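Peer 1: Build the 3D model from these lines:
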Amino acid sequence: MKNLTTIVTVHNNHQYLDECLKSCQNIDGYILVGISDNNLEALNIAERYTDKIEFFSFENDFSKIKNNLIPKSETEWVFFINAHEKIVRGEDSFNDLCSGSDIFRVNIIQRSEEHTSE
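Peer 2: Predicted coordinates for the structure are as follows:
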């Protein structure tokens, strides 16, 4: 049984979504994508990776969105990543965590129009 849900939130950054989802697809678990304001371009990308897709109205509160998506996860563990981020190494750490490991490390790159940081 899969024990981890990766929740990807998309708001005004669908241009990075494909790269983000590619970086998450090797994690042994489910991917749940939360898309703001019925963004059809984001929907088309997300459908290539998962059938677990939720839409939400953006009210300038990411924590509210995440809190609404957690109950839809159906797993013991949840990992959040935004569409403008991607995992660059450490996917195996998630699988170790779900197998009972106490500690893990994952490197994530955050992207924006202005800069890229690690």
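Peer 1: wouldn't Thr84 be in contact with Asn13 here?
Peer 2: I think there's a mix-up here, since residue 84 is His and not Thr. Yes. Taking contacts as Cβ atoms under 8 Å, His84 lies within contact range of Asn13: 4.4 Å. Yep, even glycine has a C-beta here, placed from its N, CA and C like the rest.
Peer 1: out of these two, which sits in the more crowded spot?
Peer 2: Of the pair His84 and Asn13, His84 is the one with more neighbours under other Cβ atoms under 10 Å, namely 22 against 19.
Peer 1: Which residues are in contact with the closest residue in space to Thr5 that isn't next to it in sequence?
Peer 2: Nearest non-adjacent residue to Thr5, counting by Cβ to Cβ, 6 or more residues apart in numbering: Ser73, 3.8 Å away. Ser73 makes contact with 5, 7, 30, 32, according to Cβ atoms under 8 Å, 6 or more residues apart in numbering.
Peer 1: Shouldn't the last one be within a helix?
Peer 2: No. The assignment for Leu32 is strand, going by DSSP: H, G, I helix; E, B strand; the rest coil, so no helix is present there.
Peer 1: List just the nearest of the contacts of Ser73 to Val88.
Peer 2: Lowest distance from Val88 to the contacts of Ser73 (Cβ to Cβ) belongs to Ile7, with 18.9 Å.
Peer 1: element containing the closest one, please.
Peer 2: If you go by DSSP states H and E, Ile7 is part of strand 4-10.
Peer 1: Cys20 now?
Peer 2: Assigned by DSSP H and E, Cys20 belongs to helix 17-24.
Peer 1: related to what we said a few turns ago, and the buried ones among the contacts of Ser73, selectable in PyMOL?
Peer 2: Only the buried entries of the contacts of Ser73 go into this PyMOL selection, using 16 or more other Cβ atoms under 10 Å:
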select buried, resi 5+7+30+32
